[in-house]
Structure formats: C-alpha cells, structure tokens
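Enquirer: structure for this input, please:
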Amino acid sequence: MKIGFCGTMSVGKTTLVNALKELPEFKDYTFRTERSKYLMELGIPLNTDSTSKGQAVFLAERASELMHENIITDRTIIDVMAFAKASQSMNYYDAEKFCEFARTMLHEYDYLFYVSPEGVEMEDNGVRETDLKYRETINFIIKYQLDSNKHRIKNLIRIKGNTEERIAQVKSALSL
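Expert: Numbers count the residues shown, from 1 in each chain. Below you'll find the model as predicted:
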C-alpha cells in the first residue's frame, strides 16, 4: 500500500511516521520523512520563497515515493500543491498548471491521511517557516485541495489528537 500523511507544517507528521516505523504491523514498509534541511543546504528555496524549480524537486521526490509498493511518507503531492499555490515566487497561472500536472498522480495513494493542526503548537526546527498565519494559509489550501480532488483520492482519512491517538486512528482506518 501507498500511505501518505499530509498537513501543514509542524503538526507531527514526521513524528507520527517515525512512530509507525517502530510498529510490527508496518515492518514490510519503506518509510520516507522530511528532507527539508538537506534540500535547503542544496540551495533549494523553501516555504514562501519556493520557486517552480524547487517545487519540481519536491514533486519529483513525492513521485519517486509512489514508485514503491509499500511506502509510508510524511509528505504528499497535496502538500507540494499547497506550497506551490502559496509560493510568492510562482505566479497564479504557473502554480495552477503545476498543480494540474501534480493532480494526475493523486490516485496512486491507497490512503491519504490529513493530519489536523488542532491543538498542536508550532515548533521551530530551524528549517520550516514559523509564521502562524502562513501555517494557517497552508492548512487552508491543503484542505481545499483535498476537498476539490476527492474524486482522485481513494481513501481520505482525517486524523487529530496526540501521537498515540493518531496511531490508533491510522490502525483503525487500515483495519489493523
């Protein structure tokens, strides 16, 4: 199965994926987590400064993840689409064309889990944007992209709570 977790920054997606990695139910999965620091060190603009080229790199990473049979990832094509839409460097037309192409791969996820920011404080990891208004903007765009692309998504599950509660919700959705 191809399982992706989407959501705005600093909601615990990486923490959740790392916790799932420790469970025996997921021993046969490949796990992919955030590489933002590595990409930033390569000179790829992140967050509000993201460019078409930068978003193309992020989309390529997500597409390469979809080439695996059993994968769990803490970023999805939906996230890439949201950051493209919120980019100050990409014009509306370019962002829309980029998202139109990205949408063609959404059906490949067997499960997309939206991780709610409800009750989760923003943390500064030295890489991500820490502006709360920007965080809310990305969350709004992600929810909009999920709702407007429902027909392309096989299974969309919305989860919230602490890590243990989220794990229980994931296992329940996957019937584990």
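Enquirer: what's the first helix or strand after the helix or strand bottoming out on mean pLDDT in the chain?
Expert: None of the helices or strands of the chain scores lower by mean pLDDT, DSSP states H and E than helix 36-41, at a mean of 61. Counting by DSSP states H and E, the next helix or strand C-terminal to helix 36-41 is helix 52-65.
Enquirer: which residues touch the following helix or strand past that next one?
Expert: Under the assignment DSSP H and E, the closest C-terminal helix or strand after helix 52-65 is strand 71-73. By Cβ atoms under 8 Å, 6 or more residues apart in numbering, the residues outside strand 71-73 that reach it are 2-5, 17, 20-21, 26, 29-33, 62, 65. Where you see a C-beta, it was placed from the backbone N, CA and C, and this is true even at glycine.
Enquirer: 6 Å - rerun?
Expert: 2, 3, 4, 17, 20, 29, 30, 31, 32, 65 (Cβ atoms under 6 Å, 6 or more residues apart in numbering).
Enquirer: and the second one, which helix or strand is it part of?
Expert: Looking back up the chat, that one is residue 3. Per DSSP H and E: residue 3 is located in strand 2-6.
Enquirer: what's the angle between the helix or strand following that strand and strand 2-6?
Expert: Using DSSP H and E, the helix or strand that follows strand 2-6 in sequence is helix 13-21. Here helix 13-21 runs at an angle of 150 degrees relative to strand 2-6 (axes from the mean of the first three to the mean of the last three Cα atoms, to 10 degrees).
Enquirer: just how off-centre is helix 13-21 within its chain?
Expert: 13 Å (Cα atoms, centre = their mean, to the nearest Å).
Enquirer: quick one: mean pLDDT for that helix?
Expert: Mean pLDDT, computed over helix 13-21, is 96.
Enquirer: repeat for stretch 66-73
Expert: For stretch 66-73, the per-residue pLDDT averages 96.
Enquirer: what about it, how long is it end to end?
Expert: 10 Å (Cα to Cα, to the nearest Å).
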